[in-house]
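K.L.:
for reference, the sequence and a predicted model appear below.
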Amino acid sequence: VYNADELSWLPISAIASPLDMLNLAVSGRPASKVSMNMDCITAHCSHICINQDTTGYTCSCPYGMDLARDKLTCQEHCAENVFSCGDGQCVPTDWRCDGSTDCNNKADEFNCTLGAEVISVHNITLETQPDISEHEK
C-alpha cells in the first residue's frame, strides 16, 4: 500500500502489469460529493473509449482507422500516403522496408528487394535490408 506522495513517483509498471485493468479514482474528498463518469466501463467501443466530463462517452480509433457508422467500431482507413499493414494498422510509407518492423504483423518489412537478404522462418519469408551508413541516407 502506497500513500499519494509515494505513488506519484512510481512508474506505472511498479504497481500494474500491461494486462491489469486500472480505474482512476479521486481521493481526499468524501465519496458522496464526488461524481465520477464510469460510462466507458459498459461501453462497447472496439478500440478507445473516452469518458465525457459528467456523463456519456466517445469512442475513438488509433492512427489509420476511422469510426464506423455505428460510432463504436473502428475500421481500417489508411490514407493514400501511408502503408496498410493489412490488419487495420497503418504506418507512414517511409517506414516501409526501412529494416525496422513497425507493423504488429511485420508486413512493412515483407517483399523488400533492394539489396535484401531473404530469410525463411516458420514458412514465412522475410527480407532484411543491408545496413546503410548515415552518409548514404
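P.N.:
Done, it's in.
K.L.:
residues in contact with residue 20?
P.N.:
With contacts defined as Cβ atoms under 8 Å, 6 or more residues apart in numbering, residue 20 has no neighbours. Backbone N, C-alpha and C define where each C-beta goes, glycine included.
K.L.:
my read is it is in a helix, agree?
P.N.:
No: assessed by DSSP: H, G, I helix; E, B strand; the rest coil, residue 20 does not belong to a helix; its assignment is coil.
K.L.:
any idea how far it is from residue 14?
P.N.:
Using Cβ to Cβ, to the nearest Å, we find residue 20 at a distance of 12 Å from residue 14.
K.L.:
now residue 92
P.N.:
Going from residue 92 to residue 14 by Cβ to Cβ gives 33 Å.
K.L.:
more neighbours: the two, which one.
P.N.:
residue 92 (15 against 9; other Cβ atoms under 10 Å).
K.L.:
who's in contact with the nearest residue to the more buried one once chain neighbours are set aside?
P.N.:
Setting aside the residues directly before and after it, residue 92 is nearest to residue 82 in space (Cβ to Cβ, 6 or more residues apart in numbering), at 5.8 Å. The neighbourhood of residue 82, defined by Cβ under 8 Å, 6+ apart, consists of 64, 90, 91, 92, 93.
K.L.:
neighbour-wise, which one of those residues leads?
P.N.:
Of all the contacts of residue 82, residue 90 has the most neighbours under the rule other Cβ under 10 Å, reaching 24 neighbours.
K.L.:
for that one, which non-adjacent residue is spatially closest?
P.N.:
The spatial neighbour of residue 90 that comes closest, neighbours along the chain excluded (Cβ to Cβ, 6+ apart), is residue 64 at 2.6 Å.
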